[in-house]
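Q: For reference, the sequence and a predicted model appear below.
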Amino acid sequence: MSQETLTPAVLTVTEKGVSTSRFVDALRVIARNRLALLGLFIVSVGIFAAILAPWISTHDPYEINIAGRLQAPSAQHWLGTDFLGRDTYSRIVFGARTAFIIAAGAVFLGALFGVPLGAIAGFRGRWIDSTIMRFMDAIMAFPGRLLAIALVASAGGGFTSLFIALGLGAIPSNARIVRSAVLAQKEREYVEAARMSGESDFGILFLQVLPNCLSPLLVRLSLEFAHAILAESSLSFLGLGLPPPTPSWGLMLKEVTPFLQLQPLAAFFPGLTISLIILGFNLLGDGLRDIFDPRQYER
Amino acid sequence: MDAPLLEVKNLTIRFHLQRGVLSAVQNVSFSLRAGETLGIVGETGCGKTVTSLSILRLIPCPPGNIAGGEILFHGEDLLKKSEREIEKIRGRKISMIFQEPMTSLNPSLTVGEQISECYRVHMGHSGKVAREFTEHALSLVQLPSPQTVAGRYPHELAGGMRQRVMIAMALACQPEILIADEPTTALDVTIQAQILELLKELQTKMKMALIFISHNLGVVARLCDRIGVMYAGSLVELSDKKSLFTHPLHPYTQALLNAIPRPDLRDETLKAIPGSVCNLFDPPPGCKFHPRCAKAKELCKTEMPRLEAKSGENLAACYFPGA
Amino acid sequence: MMLEVKNLTKYYDISGGLMSRLSAGLKLLKAVDHIGFSVPEGKTFGLVGESGCGKSTTARLITRLIPATEGEVFFQGRDILRLPKREMRELRRHVQMIFQDPYASLNPRMRIIEVVGRPLSHFQGLKGRKRRDRAAELLDLVGLRPEQLDRYPHEFSGGQRQRIGIARALAAGPKLIIADEPVSSLDVSVQAQVLNLLKKLQRELKLSLIFISHDLNVVGYLADIVAVMYAGKIMEIAPVAQIFNAPLNPYTKALLASNPTVGSYMETVRSPLKGEVPLPVNPPSGCRLEPRCPIRVDRCKTIEPMLEEKRTLHRVACHEV
């Protein structure tokens, strides 16, 4: 059993020790990993802002006040106002809603199709595998952002087309990750044992194998979330995403760009928000990767 | 009697892990004479591998910590030597082979390159001389057509051949002691017999001492002169081969011998040892075997017995040794 | 007879891609090559051999975990290999398996109640309270405590996990259990516990058992009849006493001589067979043992010896006995 260097021999001993649950172990790893904790904090703040937007905002994000345009931060407008005098803070808070809804939709769509396709490809193998995976390769052959631009440009902006444009690009990578995890799992003896226990193919794949493939997927999904938020911002910035006056971070950036010299802070805060959220998701994703790496449990 | 070649005295090793302090080896003492074969047997986690690794100072510290004891080689304490001094002994005077040769062989170098590297680094031979020595070493471990094998990569060889290559490499510098840690566990029975035969032959030819570590009493039985039995980090018995198998002193040794299935005793229920090995993070007081021992008395539960001579030169750590 | 295996065969095409097949020709790994044996009711049939001899493949062929290339496996008169998929799933109620690796054979994300309970619902139609009660009974039967039902596999030691594997196999209510190296990864003291358990269960539940192992001592202790496999072929089949006291095939003799037993402590080591254990890739037409055999003669190279009854109930494949 112990074949690597020292640690495995030591680990076998420790296995006889008191057992703690995986969840507690995971929390412990997160707590030790300060950066992951920071990531979790940033992401939680973002999620709370999105959920509680109507209550924590100070102004109506659509309320125009031409007289008070491009103001610097003040007691009344915490982060200043934009070129129409709308409150930047409130628009960022509502923008979180937009960003998270679109990202969640895209990630959900990517997982909804990517996970079962990858799972079936890996589990069935042979021609089913080749067919599905070549199809995935075909999607992947298009640069993701370009694919999204093309889709949105032809179907028009708006939530639905953004879901589809961003989700579609995520399907192949989800499928690949799940497929390789399933490939690794299906050779394990518990799969044979499940078959002997009378489990059907469907049951084996979705009840037994797939739950053991979630760790790499979760890491992937958290990174994809970041990716989707960034993509939505860039598309909106290019004018291909959501139409004004929707509060969207990318759109906010775009709208104030002509006035950079007048009021640089108007662009600074939306830009900072985007960077922070992306950073948060990336830190969290790296942290998750560490948690799911079993080598982290000891020491 | 000659002075022992290697003497381990009161060796204690702990691992500081997140879960707590694991006492892997406790107060282990034994000696090895020149040319002798000492077997160390025990089950998973008994500390036999950790003990052997500590002789070559291969325990990663931290989390490991050699908390006490001495390891005297020619009268000098290996634990007090600098890393540089140890490197001169490791591989030259004391060598080691492991259970899985693949992990100790470099997959991207040919077998010949790896062995001649030993000669160049340890003995300072030139490339040409090293190559000649390499071929000699490979023929010594009875590999068919050494030249061909020298040009192969480790993954191209079968398990038994790989283990032969490992032995050739370990013996390159004619060490005084060879430590073999479960070298045949991953091999098939007929191949295992080949490797054991080879080890025995080479040992006699090169007059080296051998420490053979195994979980398999049968394997140790065939190879060793004296056998030490370890349980939960302690050496519980150290006897010569014949006494160990005919009159085992420690109840654990007796129980272990009784637990081995034998075709000639198929109508009897095996005498399994009840319970399982104690938690090494929190071992019981007194003798660590007492919770599973049929002969345990009050004394065993409080006082840890010392390894002492009980019958002639045979040692046991038990208050009530023998039948 | 509980089980009769005839001409069971599994070939793997390991030529690689089309290009390497064209350049190097077809490479067939004859993992199991036309073997036959039968398992009497209520007896233990031992299958021994070294790695790659095809013993684990045989187990998976009989249970149809992998498809056979050729052959028949009769279970109570019905050919398992030709049952439609639905009936095959039904038949697994009677033929169960215990696996080698106590770590890999339990799904790390399933509680013990699920591990033991799923076959109960699939094969016995038990649900809810009844299923739980039966699972608790099974746990008790294999020497675990019923309150451990809600634990996860990682909370158990190797020996305990193997007991869980046995409980899972029993849950289906089988007549025949195939145990594939069930104790080879356990320490001696734990191994003895599991062997005792298997022996007890086999007697009490009147099970037929196919016990696969590389360890002669274990097989000798448990089996009534022993078959020795080498490179995809059966070399010898006989009642256990004859295998151990009067083996005929040179391979069986070599295995016994190589077998390290504590009784042999005064003997010096010797290795009766030279060379490595081969994988039967495009094996020669003669006897598979021929290159390593100490008593080979000319015809061993060309003519394959058949498994013949040389003594009562004692069948051997060798020209020279």
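A: Received it, and whenever you're ready, just let me know what you need. All figures in this text were calculated on a predicted structure; none of them were measured in a lab. Numbering: from 1, shown residues only, chains lettered A, B, ... in the order given.
Q: Walking through the stretch 1-150 of chain A, point out its helices one by one.
A: A:7-14, A:22-32, A:34-56, A:88-124, A:126-141, A:144-155 (DSSP state H, counting those that start in this stretch).
Q: Any chance of JSON lines for those, columns mean neighbour count?
A: All C-beta atoms are positioned from the backbone trio N, CA, C, and that covers glycine. What follows is these, written out as JSON lines (neighbours: other CB atoms under 10 Å in any protein chain shown):
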{"stretch": "helix A:7-14", "mean neighbour count": "19"}
{"stretch": "helix A:22-32", "mean neighbour count": "14"}
{"stretch": "helix A:34-56", "mean neighbour count": "16"}
{"stretch": "helix A:88-124", "mean neighbour count": "23"}
{"stretch": "helix A:126-141", "mean neighbour count": "14"}
{"stretch": "helix A:144-155", "mean neighbour count": "17"}
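Q: Lowest average pLDDT across those?
A: The weakest mean pLDDT among the helices of the stretch 1-150 of chain A belongs to helix A:7-14, with a mean of 34.
Q: Which of the three states applies to C:Gly71?
A: Recorded secondary structure, C:Gly71: strand (DSSP: H, G, I helix; E, B strand; the rest coil).
Q: what does the one 3 residues further on give?
A: Under three-state DSSP, C:Phe74 falls in the strand class.
Q: so what pLDDT did the residue in the stretch 101-250 of chain C that chain B sits nearest to get?
A: At 2.8 Å from chain B, C:Gly220 is the closest residue in the stretch 101-250 of chain C, using CB to the nearest CB. The score at C:Gly220 is 92. That number is its pLDDT.
Q: swap in C:Ile14?
A: 84.
Q: go on, A:Lys16?
A: pLDDT recorded at A:Lys16 is 34.
Q: Please identify the residues of the stretch 101-250 of chain C in proximity to chain B?
A: In this structure, the stretch 101-250 of chain C approaches chain B at residues C:157, C:159, C:187-193, C:195-196, C:199, C:214, C:216-218, C:220-222, C:240, C:244, judged by CB under 8 Å from any CB of the partner chain.
Q: Now with 6 Å, please.
A: By CB under 6 Å from any CB of the partner chain, the residues of the stretch 101-250 of chain C that approach chain B are C:157, C:187-189, C:192-193, C:195-196, C:217-218, C:220-221, C:244.
Q: which of those residues lies closest to B:Pro154?
A: C:Asp187 (29.4 Å; CB to CB).
Q: Neighbours of the closest residue to B:Gln99 other than its chain neighbours, how many?
A: Of all residues not flanking B:Gln99 in the chain, B:Glu182 sits nearest, at 4.1 Å (CB to CB, 6 or more residues apart in numbering or on different chains). Neighbourhood size, B:Glu182 [other CB atoms under 10 Å in any protein chain shown]: 21.
Q: Next: the one 10 residues further on.
A: Using other CB under 10 Å, B:Gln192 has 25 other residues around it.
Q: Identify the residue nearest it in space, chain neighbours excluded?
A: B:Thr184 (4.0 Å).
Q: what sits against the residue sitting nearest the centre point of chain C?
A: In chain C, the residue lying closest to the centroid (CA atoms, centre = their mean) is C:Ile212, at 3.0 Å. Contacts for C:Ile212 (CB atoms under 6 Å, 6 or more residues apart in numbering or on different chains) come out as C:Leu47, C:Lys55, C:Ala59, C:Asp180, C:Glu181.
Q: secondary structure class for the first one?
A: It stands for C:Leu47. strand.
Q: For it, which residues count as its bridge partners?
A: Per DSSP bridges, the residues bridged to C:Leu47 are C:Ile212, C:Ala227.
Q: can I assume it is in contact with C:Ala227?
A: Yes. Assessed by CB atoms under 6 Å, C:Leu47 is found in contact with C:Ala227 at 5.3 Å.
Q: Within range of chain A, give me the residues from chain C.
A: Within reach of chain A by CB under 6 Å from any CB, chain C has these residues: C:65, C:89, C:92, C:97, C:99, C:101, C:104-107, C:109, C:118-119, C:122-123, C:155.
Q: Apply 7 Å and report the result again.
A: Counting by CB under 7 Å from any CB of the partner chain, the residues of chain C close to chain A are C:63, C:65, C:89, C:92, C:96-97, C:99, C:101, C:104-109, C:118-119, C:122-123, C:154-155, C:157, C:168, C:185.
Q: my guess is A:Pro216 is in a strand, correct?
A: No. According to three-state DSSP, A:Pro216 belongs to no strand; its state is helix.
Q: quick revisit: distance of the residue nearest to the centre of chain C from A:Gly285?
A: Taking CB to CB, to the nearest Å as the measure, C:Ile212 falls 45 Å from A:Gly285.
Q: Equivalent analysis for A:Trp249, please.
A: Distance of A:Trp249 to A:Gly285, computed by CB to CB: 20 Å.
Q: do the same with A:Val93
A: 24 Å.
Q: So the residue positioned nearest the centre of chain A, which state does it fall into?
A: Note on chain A: the residue nearest the mean C-alpha position is A:Phe225, at 1.6 Å, using CA atoms, centre = their mean. When classified by three-state DSSP, A:Phe225 comes out as helix.
Q: That one reaches A:Ala103, doesn't it?
A: Yes. Using CB atoms under 7 Å, A:Phe225 makes contact with A:Ala103 at a distance of 5.1 Å.
Q: So for the closest residue to C:Gly42 other than its chain neighbours, what's the pLDDT?
A: Spatial nearest neighbour of C:Gly42, excluding adjacent residues (CB to CB, 6+ apart): C:Lys206 at 5.1 Å. Listed pLDDT for C:Lys206 reads 92.
Q: Tally up the residues packed near C:Lys206, please.
A: 10.
Q: Look up how far C:Arg93 lies from it.
A: 16 Å.
Q: check contacts around the residue in the stretch 101-250 of chain A positioned nearest to chain B.
A: Distances between the stretch 101-250 of chain A and chain B by CB to the nearest CB are smallest at A:Glu189, namely 18.9 Å. A:Glu189 makes contact with C:Phe99, C:Asp101, C:Ala104, C:Ser105 under the criterion CB atoms under 7 Å, 6 or more residues apart in numbering or on different chains.
Q: One more: A:Asn282?
A: Counted by CB under 7 Å, 6+ apart, A:Asn282 has contacts A:Leu223, A:Ala226.
Q: again, 8 Å this time
A: By CB atoms under 8 Å, 6 or more residues apart in numbering or on different chains, the contact set of A:Asn282 is A:Gly39, A:Leu223, A:Ala226.
Q: Scan the helices and strands of chain C for the one with the lowest mean pLDDT.
A: Among the helical and strand segments of chain C, the one scoring lowest on mean pLDDT, DSSP states H and E is helix C:18-24, with a mean of 77.
Q: All good on my end, thank you.
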